[in-house]
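J.: next one to model:
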Amino acid sequence: MEEKKKLSTDLAASTGVDVTRCYQCGKCTAGCVLAADMDIPPSFLMRLLQTGTEANDRRVLGSETIWLCLSCENCVARCPMEIDLPAVMDYLRERSRKEDMVNDKARNILAFHKSFLDCVKRTGRLYEIGLVAEYKMRTMNLMQDVDIAPTMMAKGKLGLKPECLKDNAKKVGRIFANTIDKK
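T.: Residues are numbered from 1 along each chain as shown. The predicted structure follows:
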């Protein structure tokens, strides 16, 4: 029977990031603006990946931390080993999604990501009302924040129909198609 590969091995092959280079200085966690809201601090997440146990790999893939990362790269700027933690988080999010291990608390974040990308793909740019409508349908939080819509519309913050630039949706659609083809 073939032994299951460690998550860190797959991660290194896919992203080029070697988690064993991390020596746990904690600068990534100290500089992360969302570390206090994460279930696993970034430096400890790296340690879990370094251990390579199946239980720790599952813990990492099921964590909320990978979905909260903003990819601001503050951690990369502070890291003495220049470890690309946002690339690690991107890989872990994709792997978590593929293995259906998305943290329950992060399902709304994933729904927002999908809604945002679908909206941009369809209209060629961000259309706020369409984004909100699609997100609300995905999460079934239909009435949440509905009270602020009239104020935003009165102030001109939300348009009823999308602003379209000539051929923009087609051009953006081709970008999406090319990106998907290369994966």
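J.: residues in contact with the residue nearest the centre of the chain?
T.: Ranked by distance to the mean C-alpha position of the chain (CA atoms, centre = their mean), the top residue is W67 at 5.0 Å. Taking CB atoms under 8 Å, 6 or more residues apart in numbering, we find W67 in contact with 93, 102-103, 106, 109-110. Heads up, the C-betas are built off the backbone N, CA and C, glycines and all.
J.: let's see if you can find the most crowded of those residues.
T.: A106 (21 neighbours; other CB atoms under 10 Å).
J.: let me know whether it touches G62 as I believe.
T.: No. Here A106 lies out of contact with G62, judged by CB atoms under 8 Å, at a distance of 9.3 Å.
J.: how is the chain divided into domains?
T.: 7-101, 106-182 (automatic domain parsing).
J.: least reliable of those going by mean pLDDT?
T.: Among those, domain 106-182 has the lowest mean pLDDT, at a mean of 80.
J.: next one: it to chain centre, how far?
T.: Distance of domain 106-182 from the chain centroid (CA atoms, centre = their mean, to the nearest Å) equals 16 Å.
J.: same deal with stretch 87-97?
T.: With CA atoms, centre = their mean as the basis, stretch 87-97 stands 8 Å off its chain's centre.
J.: what lies in contact with that stretch?
T.: With CB under 8 Å, 6+ apart as the test, stretch 87-97 has contacts from 7, 10-11, 14-17, 19, 46, 49, 60-62, 65-67, 69, 71, 102-103, 110.
J.: likewise for stretch 162-176?
T.: In contact with stretch 162-176 (CB under 8 Å, 6+ apart) are residues 117, 120-125, 127, 130.
J.: what subset of these is buried?
T.: Burial by neighbour count, 16 or more other CB atoms under 10 Å: within the contacts of stretch 162-176 this picks out 120, 122-124, 127, 130.
J.: need those in CSV (columns: distance to I83 and secondary structure).
T.: Below are the buried ones among the contacts of stretch 162-176 laid out as CSV (distance: CB to CB, whole Å; DSSP: H, G, I helix; E, B strand; the rest coil):
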residue, distance to I83, secondary structure
V120, 30, helix
R122, 36, helix
T123, 37, helix
G124, 36, coil
Y127, 37, coil
G130, 38, helix
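J.: let's have these in TSV, adding distance to C75.
T.: Formatted as TSV, those follow (distance: CB to CB, whole Å):
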residue	distance to C75
V120	27
R122	33
T123	33
G124	33
Y127	32
G130	33
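J.: now do the helices in this protein.
T.: 7-15, 27-31, 42-51, 54-61, 65-68, 74-78, 85-98, 107-123, 128-139, 149-154, 168-182 (DSSP state H).
J.: would you put the C-alpha positions of the first one in CSV?
T.: So the one you mean is helix 7-15. Taking C-alpha atoms only, helix 7-15 is exported to CSV below (Å, rounded to 0.1, in the frame of the first residue of the first chain):
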residue,chain,number,x,y,z
LEU,A,7,1.1,17.9,3.2
SER,A,8,4.4,19.9,3.5
THR,A,9,5.9,17.8,0.6
ASP,A,10,3.0,18.5,-1.7
LEU,A,11,3.1,22.2,-0.6
ALA,A,12,6.8,22.5,-1.5
ALA,A,13,6.3,20.8,-4.8
SER,A,14,3.4,23.1,-5.7
THR,A,15,4.6,26.4,-4.3
